[in-house]
Structure formats: structure tokens, C-alpha cells
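A.B. asks: Predicted structure and sequence below. I'll ask about it afterward.
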Amino acid sequence: MIQFGPEIDRTLLADTLTFAEKQVKRLVEKHPGFYPIYTKNGKWKHEGPAWTHWCDGFLPGMMWIFHRRATEAGSPSAFWMDRAIEYSRPLEPRQYDKDVHDLGFIFLSTYHRWLQLERDPKLNDVIVQAGKTMALRFQEKGQYLRSFVSEDSIFIDIMMNVAIIFYAARETGDRKLRDIAIRHALTTRRYLVRGDGSTAHEGLFDLQSGEFLRQTTHQGFRGDSCWSRGLAWALYGFNSCYEYTRDPRFLATAQGCADYYLTHTNPDGVPSWDFQAPDDSRHLLDTSAAAIAAAGLLRLCRQLPDPVKGFYYYSSALRILRTLCEKHTAKDDAKWEGILKGGVYHIHKALGVDESVMWGEYFFCEALENALRHSPAGVRKHNGAGR
Ligand code: GLY
């Protein structure tokens, strides 16, 4: 259960974001044009496998965040703008990529941020096409977007990517696209989110009948456990669905996931890699799950009609950020190339265990920037739809 401490120190958040900029600058200077996924002993470049090709938006995504931060501080940065474009542009062909279920991760962190700045319709076309490509994964029998591993599989992570289908639906007025996104979210809610707000990583369907068969996992401890990062993806993803649809079922699901996280995490807000991790690996935290949860809570807190609950989520997000800033960054380890230590990518394949991971870096920066940009008073305001 999360416990609150002293008020947040804005200087701590701002200094950590400045440290993040330094680490990203160091990465692009040392390995120009390289898009890493996870570190090995704190180094980004190594021969370890990717498992799946889903992370390329996160590095440029951070550059867009740094550019916006500099612009809002009154000193627009040509350095970050140029790097952000240089690293975003090569992703463009992936608008047609049918091999991954991650097009939201890739384009909402990059082209969508770029579009907000430049309003160029060509950028919009790329995001819309990526949303249409994502929608091709839809299985009528079973009513879900299939995961990258097989046709009969649904992943909780896909909840982070349905927003790009909602976006494409809104831009084109195509109700079929919107319907696919809604049906996938309802299927996920029904089969992967449990009554206590915990989540399963994967679900399997019978392809002939569409019948749901069982919950299982790749990256979590067991099919019936709650993989921490999956829960954080669900918290954030269902809130995004609510932002697009205003359907109260999605808000309730996001809140259920948030409440499970906050009542089961360690008192400082950073959870073990799986909420039911066995004794021999319970000590392994996943800081990336914490960063995603903080980023999600900072969005969710602004959607709630109840200001008390909203403030609880806001304070929880700040508590998590304070822990990450104080205990888990690489600030005191000059040899470590990442920003946030203690992420876990795939424990069973021994990939990126107790390392820096690109999505952890990105959502940590997103949460830091969000926390610095909005005051607690903003918690009571009702945000507009969309990301
Ligand atoms: N494949 C998404 C994740 O590792 O969270």
C-alpha cells in the first residue's frame, strides 16, 4: 500500500528531467542513429535480442518532450527539435507495419507530438494510416486485436495502442474504426481485467468459435498473477479510452486498475516486477511499471468528477515520482548510460533484468514533464478528449 511523505520538491523533478536530457544527449552522441531497447550492465549497445520490435518511438518521444520543455521555458531548442525530427522520420514506413501490435507506442510518442507543434496534414496522415493498420489486427470471432505472437492471443499491452485507432476514427469520421477500438477495449475489460482490478498479461481464444479459453502470460509470473507493468499499461490505456469515448465503463476500469496498483505496491510506490512474484525474485522491482503508473495517474486524476479521489491519484503519482527520483536514477553512477535503473523487460528470457529500459525512460520523462507543467489545482478541471 502506498504511503505519503513530505510534499513534493519541484526542484527534484526539474533536476531529474535535466539529468534525463543529459543522458539522452550522451546516448545520441555516443551511438548516433541507434534506437536501443534495454541496457546490459548499464550500457545501451549490446547484442541482446529485442524479442519484438516495439520501442523505436520512445527515444525520439523523449526528444519531443525536451523540445517542448525548452519552448515552454522560453528558449526553444534547435538541438532537440532537429534530433527529434531526425529520429522520428525513419519510423514513417512503420505506419504499414502489420507485424507488431505497438503502433500507438511508435506514433503517439513521435508523430503525434510533432503534429501538435507543426500541424502539417502529412504528419496527420501518417498517424491515421498507423491507426488503420492497427485495426487490421481485429478478429471478429472473439472481438479483439490479436497480439504479435499469434492469432488466438490478446495482450494487455495492446490497451496502450488502441488510442491510435480512436485517433484515426476521429480524424476520418470512420465509425467502424471507432467500433473496433471500443470492442477490443470491452473484450480486454471482460477477459483480462479481474474483479479486484488486477490484470492478466495474455488471453487465449478458440479461433473457430471465438470462445475465450484462459488467461496466461509471457512476461509475468503466472497466468493468474498480476504482472506489474501489464497493470500499469491497463491503468493508462483504459484512461485513454475514456478520454476518447467518455464511456464510464472505461473510467471505472482505469480506476479499478489504479486502486489495485496503489493498494498492492510497496509503500514507496515502486512495485515488484509481478505483484505475486515468488520469494526468490520479489526483491526485483520494475521501475518502468512505476513510471507508467505515475504517467497514467497524472492523466486519470484530471478525469475524475470527485476531487478527493483525483487528488489522491495526483498525490500518489507524485509520491512514485519522488521515489524514482531519489532512489532509482543513475545520477550517482557516471558509468550507467540510462536514466532510470531497475527496470525489468523479460525475466523468463533474461532480457533487461534490473536494467534501464526505453519505455521506462520515456514514461518517466512524460510523467516528470506533466507533473511540472500542471498544478494540483488543475486536478479539478475536466480535460478535453484525446491525447
Ligand atoms: N511488450 C511490452 C512490454 O514489455 O511491456
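C.D. replies: Looks like it came in fine.
A.B. asks: For residue 159, give me phi and psi.
C.D. replies: Main-chain dihedrals, residue 159, degrees, to the nearest 10: phi -60, psi -20.
A.B. asks: Next, count neighbours for it.
C.D. replies: 32 (other Cβ atoms under 10 Å). Backbone N, C-alpha and C define where each C-beta goes, glycine included.
A.B. asks: Could you shift the numbering so residue one becomes 389, and keep it that way?
C.D. replies: Got it, first residue is 389 now, which makes that one residue 547.
A.B. asks: which secondary structure elements does the helix or strand containing residue 709 contact?
C.D. replies: Assigned by DSSP states H and E, residue 709 belongs to helix 695-715. Contacts defined by 3 or more Cβ pairs under 8 Å, 6 or more residues apart in numbering; DSSP states H and E place helix 695-715 against helix 398-418, helix 636-652, helix 675-688, helix 746-761.
A.B. asks: In a markdown table: these, plus distance to residue 512 and mean neighbour count.
C.D. replies: Shown next, in a markdown table, are those (distance: least, Cβ to Cβ, whole Å; neighbours: other Cβ atoms under 10 Å):
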| stretch | distance to residue 512 | mean neighbour count |
| --- | --- | --- |
| helix 398-418 | 26 | 16 |
| helix 636-652 | 25 | 21 |
| helix 675-688 | 22 | 30 |
| helix 746-761 | 21 | 24 |
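A.B. asks: show me the contacts for the closest residue to the ligand within the stretch 439-588 of the chain.
C.D. replies: Residue nearest to the ligand within the stretch 439-588 of the chain: residue 545 (4.4 Å; Cβ to the nearest ligand atom). Contacts were defined as Cβ atoms under 8 Å, 6 or more residues apart in numbering; by that measure residue 545 touches 489-490, 535, 589, 618, 621.
A.B. asks: Show me which residues of the stretch 589-738 of the chain sit near the ligand.
C.D. replies: Neighbours of the ligand within the stretch 589-738 of the chain, by Cβ under 6 Å from any ligand atom: 607, 617, 733.
A.B. asks: so of those, which ones are in strands?
C.D. replies: Within these, residues falling in strands by DSSP state E are residue 733.
A.B. asks: got a winner among the residues of the stretch 589-738 of the chain next to the ligand for most neighbours?
C.D. replies: Result: residue 617 is most packed of these (other Cβ under 10 Å), 29 neighbours.
A.B. asks: Now do it, the pLDDT please.
C.D. replies: In the predicted model, residue 617 carries a pLDDT score of 98.
A.B. asks: Nearest spatial neighbour of it, chain-adjacent residues omitted?
C.D. replies: residue 677 (4.2 Å; Cβ to Cβ, 6 or more residues apart in numbering).
A.B. asks: Pretty sure residue 430 sits against residue 722.
C.D. replies: No. With contact defined as Cβ atoms under 8 Å, residue 430 and residue 722 do not form a contacting pair (10.2 Å).
A.B. asks: ok, those two, which is more surrounded?
C.D. replies: Neighbours around residue 430 and residue 722, counted as other Cβ under 10 Å, are more numerous at residue 430. The numbers are 14 against 6.
A.B. asks: Show the contacting residues for residue 525.
C.D. replies: Contacts of residue 525 by Cβ under 8 Å, 6+ apart are 486, 489, 533-534.
A.B. asks: Need the pLDDT of it.
C.D. replies: 98.
A.B. asks: Get me the contact residues on the stretch 439-588 of the chain for the ligand.
C.D. replies: Checking the stretch 439-588 of the chain against the ligand by Cβ under 6 Å from any ligand atom, the hits are 442, 545.
A.B. asks: Could you list the low-pLDDT ranges of the stretch 439-588 of the chain?
C.D. replies: Judged against pLDDT under 70, the stretch 439-588 of the chain has no low-scoring part.
A.B. asks: repeat for the stretch 589-738 of the chain
C.D. replies: Ranges of the stretch 589-738 of the chain meeting pLDDT under 70: none found.
A.B. asks: For the ligand, what's the nearest residue on it?
C.D. replies: residue 617 (4.8 Å).
A.B. asks: gap between that residue and residue 722?
C.D. replies: 28 Å (Cβ to Cβ, to the nearest Å).
A.B. asks: cool, residue 426 as well?
C.D. replies: 20 Å.
A.B. asks: Kindly report the same for residue 500.
C.D. replies: Residue 500 is 34 Å from residue 722, by Cβ to Cβ.
A.B. asks: same question, residue 687
C.D. replies: 34 Å.
A.B. asks: again with residue 477
C.D. replies: Relative to residue 722, and taking Cβ to Cβ, residue 477 is found at 32 Å.
A.B. asks: re the thing from before, list just the one of the helices and strands packed on helix 695-715 that sits closest to residue 694.
C.D. replies: Minimum separation from residue 694 across these (Cβ to Cβ) falls at helix 636-652, 9.9 Å.
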